[in-house]
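S.K.: just to be clear, the model below is a prediction. Sequence and coordinates:
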Amino acid sequence: MQDFRFLRDNTERETKICITGPHCLTKRIRNQHYPSEAALAADLAKVMNLELKALAKAGARLIQIDEPYYSGFPEDLDWGVQVLNTLVEGVDAKIALHICYGNRYGKPSWEGSYRYLFRAFWTRKCTN
């Protein structure tokens, strides 16, 4: 929230705030308490949803969710879309989703294609 307020207070232009999504966080956190990655991601999404709602209430009109690992873990898409929907439920802002399979050095993290992602998101309910 503090980062968004700083951004908003120091520009007259439209802004975009980016957050790391629950699927990506789940892949980076050592899970020692949840029965599955899906359960951990679901709880992260519920907590993060409160932050997104607060950002929207503070004036964030465009929120980007960064989920770069979707393209490397096609087996996670069923629960990945569910937690994404939980994350953005009731958030009064335009939502953008960033998916990639590279890194900051421009090198792919794994072989991949976005082709299966389009079908996965098209056939599952994605809100907002």
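M.R.: Structure received. Computed from a predicted model, the values in this text were never measured in an experiment.
S.K.: do you know how far S71 is from L77?
M.R.: Going from S71 to L77 by CB to CB, to the nearest Å gives 10 Å. The C-beta positions use only the backbone N, C-alpha and C, and glycine is treated the same way.
S.K.: thought Y70 was touching I99, still the case?
M.R.: Yes. I99 lies in contact with Y70 (CB atoms under 8 Å); the separation is 5.0 Å.
S.K.: spell out which residues are contacts of both of the two.
M.R.: By CB atoms under 8 Å, 6 or more residues apart in numbering, I99 and Y70 have these common neighbours: L117.
S.K.: higher neighbour count, these two?
M.R.: Per other CB atoms under 10 Å, whichever of I99 and Y70 has more neighbours is Y70, with 26 against 18.
S.K.: surely the more buried one meets H23?
M.R.: Yes. Y70 lies in contact with H23 (CB under 8 Å); the separation is 6.4 Å.
S.K.: show me the common contact partners of these two, please.
M.R.: D76, G80.
S.K.: E51: neighbour count?
M.R.: Residues lying near E51 (other CB under 10 Å) number 15.
S.K.: for K27, give me its contacts.
M.R.: Listed by CB under 8 Å, 6+ apart, the contact set of K27 reads E37, Y69, F73.
S.K.: measure it to E51 for me?
M.R.: For K27, the distance to E51 - CB to CB - is 20 Å.
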